[in-house]
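[1] Here's my sequence, what's the structure:
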Amino acid sequence: MKPIPGNYPLCPGACSRRGFLMAAGSAALGQSLLGCAGAARLPRADMAGGGAEVSIARGGPASKYVPSIRAAFVRRKGEYGMWWPGQIYDGEAALANYRQKIEATANQLGIKLDLRSVPIHSLAEADQWVAEAKANQPDGLLVVLLDRQEHAWPTAGKAIDSGLPTVVFAPVGAAFTTNTWDLADKNGVFVCSTDDFSQAAYGMKMIRAGAKLREMRYIVLAGKERRDTQVQHIGTKLRYVPAKHFLDEYERTPLTEELKRTAAAYMKRATRIAGPTQQDVYNGIKSYLVAQRILEREAGDGITMDCLGALGRTQISLPCIAWSRMMDQGIPAACEADIGACVTQALVQYLFDRPGFQQDPVPETSRGCIIGSHCSCPTRLNGFSERPEPFYLSHHHGQRDAVPRTMWRVGQRMTAADILVSNKDDVPTQMIISAGEVVENVAVPPAGGCVVAVMVKLDGVTDVLAYPGFHHIFFYGDYKDHLRWYCQLFGIKPMVV
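    Numbering: from 1, shown residues only. Below you'll find the predicted structure:
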């Protein structure tokens, strides 16, 4: 797919993320960044190996939730005259154009849109519109300014002060920097001052992602007690299920012919097999089927597990293959029951329609790089509907089981993100954000550590020994700014490194 103008990802495209080209006098909305109301639209057959993918039914609350946006245009009722945007500006044509784009974007994203039929023409109308929005509590507001004068920016201010995530779209002619400088660092708002509607469409996608992230349920296989809780400030639901459920389900799962066929198709996709036996791969696919059943039974949107704690001393296969396959299918799957990694993995999928790689950061001082090291990595790094990267099958660094070692494209731009969840009301959630370039796939062995070892050179990072965070999510594409915008819209404190 082609990147979108402005590189504002809405679905498969931008930098291979869903590219956005919109209508009304433009080309078309094509294979847009938006075309994914679900987490992913996967081909029926695996694109690299010919074997049909075993799909997991989406049964979690996020899969059923329909995000909502309340939108309105703002302008004077009469002619523009001498005041900006001026009589030269065709406000009626602009309204028709942007209305079509807003409706098309909402349709592609699966958003319930409440778009005011006529523009807001006064502060009194603005007060009424905002009060109705606060009463109805949509997931976010979209304010389109077709004017710079009188009540235009005060209306945007009222929307922002509503406490609802607000996207303000001001086409050229509707803003001076004097209108925007007070909003540059204000939480709860994303201001787009441009004629490029794809940026506003990305704003709509951020509202959708925030709602989905809030509504989703992660199944956390850890400990001995069953309980439900949620992630503070973000809202993501957590259902803790005793890890023994995984072990028991694994033990009663037979080695069927269908399982063997799935494993055979998976092995056919691998470029080579270096270490694992056929039985190791069977065991890995069995773990995938077990995770699938638990996810469906518990109505989860994503899954994580205290893998080493629950399985490290057993003969049961670690879920490295299982997690890789689920991430390729748009199911967030995080390692080691790390809740920060869970929500970061899910956010990357909702915003950029591609999976990410959770990793342990290793400093490489000779080359000034960070090596992302772990034993479970997705293959569809370019996007859920894009061709996967090649991989081969290796042993886990514990010299057991079968692990897919995905080969990252050298020279590829990438982003690292790590949400640091807060459990205190007065301490904000933070997100570490960096961007850089893939330098090398480090060979393990002869190097030690986890077998997927991706070396990256991060922009502006000079002291790799002090690089903050752990279990960051690495993913394809340079989306540092996009994540910073998301942080501002949802009150997360960005740490751009």
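
[2] Let me see the contact set for the closest residue to residue 486 other than its chain neighbours.
    Distances taken as CB to CB, 6 or more residues apart in numbering place residue 206 nearest to residue 486, at 5.2 Å, with adjacent residues excluded. In this view, the C-beta of every residue, glycine as well, is placed from N, C-alpha and C. Contact partners of residue 206, counting by CB atoms under 8 Å, 6 or more residues apart in numbering, are 165, 167, 190, 351, 485-486, 489-490.

[3] quick one, longest strand in the chain?
    For the chain, the strand with the greatest residue count under DSSP state E is strand 430-441.

[4] Pull up the pairing partners for that strand, direction included.
    strand 413-420 (antiparallel), strand 452-458 (antiparallel), strand 493-496 (parallel) (DSSP bridges).

[5] out of those, which comes closest to residue 56?
    Closest approach to residue 56 among the strands paired with strand 430-441 (CB to CB): strand 452-458, 22.5 Å.

[6] tell me which residues in the following helix or strand past that closest one are buried?
    Sequence-wise, the next helix or strand downstream of strand 452-458 (DSSP states H and E) is strand 473-476. Neighbour-count burial for strand 473-476, counted by 16 or more other CB atoms under 10 Å, picks out 473-476.

[7] try stretch 422-435
    Quick answer for stretch 422-435 (16+ other CB under 10 Å): 422, 429-435.

[8] possible to save the residues you listed as CSV with distance to residue 342 and pLDDT?
    As requested, the buried residues of stretch 422-435 are exported to CSV (distance: CB to CB, whole Å; pLDDT from 0 to 100):
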residue, distance to residue 342, pLDDT
422, 15, 93
429, 13, 97
430, 16, 97
431, 14, 98
432, 16, 98
433, 18, 98
434, 20, 98
435, 22, 98
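
[9] And the strands in the stretch 101-250 of the chain, which stretches?
    Assigned strands in the stretch 101-250 of the chain, in chain order: 112-115, 140-145, 166-170, 189-193, 217-221, 227-230, 237-241 (criterion: DSSP state E, counting those that start in this stretch).

[10] Turn these into TSV, columns for mean pLDDT.
    Below are the strands of the stretch 101-250 of the chain laid out as TSV (pLDDT from 0 to 100):
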stretch	mean pLDDT
strand 112-115	98
strand 140-145	98
strand 166-170	98
strand 189-193	98
strand 217-221	97
strand 227-230	97
strand 237-241	97
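
[11] Those strands: which one's closest to residue 104?
    strand 112-115 (10.3 Å).

[12] For that closest one, which outside residues touch it?
    Under CB under 8 Å, 6+ apart, the answer for strand 112-115 is 66-72, 99, 102-103, 106, 136, 138.

[13] Helices - which of these land there?
    Among those, the residues falling in helices (DSSP state H) are 99, 102-103, 106, 136.

[14] Out of these, which end up buried?
    99, 102, 106.

[15] Is the second one in contact with residue 71, as I believe?
    Yes. In this structure residue 102 lies within contact range of residue 71 using CB atoms under 8 Å: 6.0 Å.

[16] joint contacts of these two?
    Each of 113, 115, 142, 144 lies in contact with both residue 102 and residue 71 under the rule CB under 8 Å, 6+ apart.

[17] wait, which of these is closest to residue 363?
    residue 142 (43.0 Å).

[18] Tell me how many other residues crowd the residue lying closest to the closest one once chain neighbours are set aside.
    Distances taken as CB to CB, 6+ apart put residue 71 closest to residue 142, at 3.9 Å, once the chain neighbours are dropped. Counted with other CB atoms under 10 Å, the neighbours of residue 71 add up to 24.

[19] Surely residue 71 is in contact with residue 138?
    No. Contact criterion CB under 8 Å: residue 71 and residue 138 do not qualify, at 9.2 Å.

[20] if we can go back for a sec, and the residue nearest to residue 486, how far from residue 369?
    Counting by CB to CB, to the nearest Å, the separation of residue 206 from residue 369 is 30 Å.

[21] Just the buried residues of the shared contacts of residue 102 and residue 71.
    Neighbour counting with 16+ other CB under 10 Å marks 113, 142, 144 as buried within the shared contacts of residue 102 and residue 71.

[22] Where does the record place the domain boundaries for this protein?
    61-209, 216-496 (automatic domain parsing).

[23] can you list the strands of the stretch 101-250 of the chain in TSV and add distance to residue 346?
    What follows is the strands of the stretch 101-250 of the chain, written out as TSV (distance: least, CB to CB, whole Å):
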stretch	distance to residue 346
strand 112-115	21
strand 140-145	18
strand 166-170	21
strand 189-193	20
strand 217-221	8
strand 227-230	13
strand 237-241	11
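
[24] where in this protein is pLDDT low?
    1-55, 310-312 (pLDDT under 70).
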